[in-house]
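**Student:** Following is a predicted model, sequence given first.
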Amino acid sequence: MSGERPLPRTAAEWIARLNADGRTTEDERAFRAWIAADAAHAADFERATDIWAMVPGTDALTRPATVPPKQLLSRRRVLVACAGTLVVGGGGMAMMQTAMAGTRYRTDVGEQRRVALAEGSLLFLDTDTDVRVLASARRRRLWLDRGRVALTVKRAETPFSIDAGKGQFVADTGLFDLRRDSDDALAMMAVAGRAEVAMAGAPHSLSAGQRIRADIAQTVQIDRPDVEATQAWQSGRAAFHDDRLDEVAAEANRYSLTRLVIADPHTATLRVSGMYRMGDNVALGQALSQLLSVPVRQVGDRVLLGG
């Protein structure tokens, strides 16, 4: 970018070296020496880390669980190790904390995960979710690439920014429920607190209890849904209110590799209301079969309703 000093390759090399499976204590000592050698190195490392945090598949936490824990990068451990020898100008330690905060978190189909962020906020990921986070005292930002999250924002001087593709949100404190579907439909609810929203090219203010939604055509709606129903997914359930059966099946299939399939067009239009446990599509198919008086059968990894 114009006006910026070219990014030295050594900063990018340190990102790769510190995240390598074979990282050693010698690597960490050499890294501390490199940081101490020049005050500009910390800024270079921060810029490189911001880029690295946004590249799919580069985070150490996405590696298979078979990799021994001691071989994975512990950013906190490296940061603490640097504390005794770091020699940089004012704000240097905060800069290093920010540089090491960029992290990618993912969940598989049927998996949910709780994450405590470095600056004190909390993140709860729903099934099949992909987020990237920079969370420090100086920079708080989350990219929601896919899926659903509950974000508890801790009050701080720096607001928390959320990027969900065609929707951007800024919040100071509170509890927020965010969802981004594969068709880029978006939804955000302020369960507690307030947020400033930019969606479909227009600004909005969201207060506690309000939800803003945009469909694939970027039609924006603001409503006040039932809070318990909105948060049901956090306990492995889903709430439906006069929803089409094919929409219910699509939601259930987010939580299970056993697919719930609607066998004919008429069955797809049947309506469903109620709270249902997600994750077991065989049991769900049987329950819906009794509720709607339609046949159900299992064929391999598919549960067919109707037909």
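**Tutor:** Happy to help now that I have it. Numbers count the residues shown, from 1 in each chain.

**Student:** how close does the nearest residue to Ala252 once chain neighbours are set aside get to Gly279?
**Tutor:** Residue nearest to Ala252 in three dimensions, not counting chain neighbours: Leu260, with 4.9 Å by Cβ to Cβ, 6 or more residues apart in numbering. In this view, the C-beta of every residue, glycine as well, is placed from N, C-alpha and C. Applying Cβ to Cβ, to the nearest Å, the value for Leu260 to Gly279 is 12 Å.

**Student:** So between those two, which is more surrounded?
**Tutor:** When neighbours are counted by other Cβ atoms under 10 Å, Leu260 and Gly279 differ, and Leu260 comes out ahead with 24 against 18.

**Student:** can you list the weak-confidence ranges in the stretch 1-150 of the chain?
**Tutor:** Flagging of the stretch 1-150 of the chain using pLDDT under 70 yields the residue ranges 1-9, 19-23, 46-102.

**Student:** From the chain's centroid, how far away is stretch 146-165?
**Tutor:** When distances are taken as Cα atoms, centre = their mean, to the nearest Å, stretch 146-165 is centred 9 Å away from the chain's centroid.

**Student:** Quote the end-to-end distance of it.
**Tutor:** 9 Å (Cα to Cα, to the nearest Å).

**Student:** ditto for stretch 150-161
**Tutor:** Note: stretch 150-161 ends 14 Å apart using Cα to Cα.

**Student:** same check, this time on stretch 206-223
**Tutor:** Terminal-residue distance, stretch 206-223 (Cα to Cα): 10 Å.

**Student:** can you pull the contacts of the residue nearest the centre of the chain?
**Tutor:** The chain has Val131 as the residue nearest its centroid, 3.0 Å off, counting by Cα atoms, centre = their mean. Shown in contact with Val131 (Cβ atoms under 8 Å, 6 or more residues apart in numbering): 104-106, 123, 125, 142-145, 147, 149.

**Student:** Now intersect these with the helices, please.
**Tutor:** Using DSSP state H, no member of those falls in helices.

**Student:** Note down every partner strand of the helix or strand where the residue nearest to the centre of the chain lies and its orientation.
**Tutor:** Element membership for Val131, per DSSP states H and E: strand 130-135. The strands beside strand 130-135 in its sheet (DSSP bridges) come out as strand 103-106 (antiparallel), strand 140-153 (antiparallel).

**Student:** which element follows the last one toward the C-terminus?
**Tutor:** In other words, strand 140-153. Sequence order places strand 160-163 as the next helix or strand after strand 140-153, per DSSP H and E.

**Student:** Then the first one?
**Tutor:** Scanning forward in sequence from strand 103-106 by DSSP H and E, the next helix or strand is strand 113-116.
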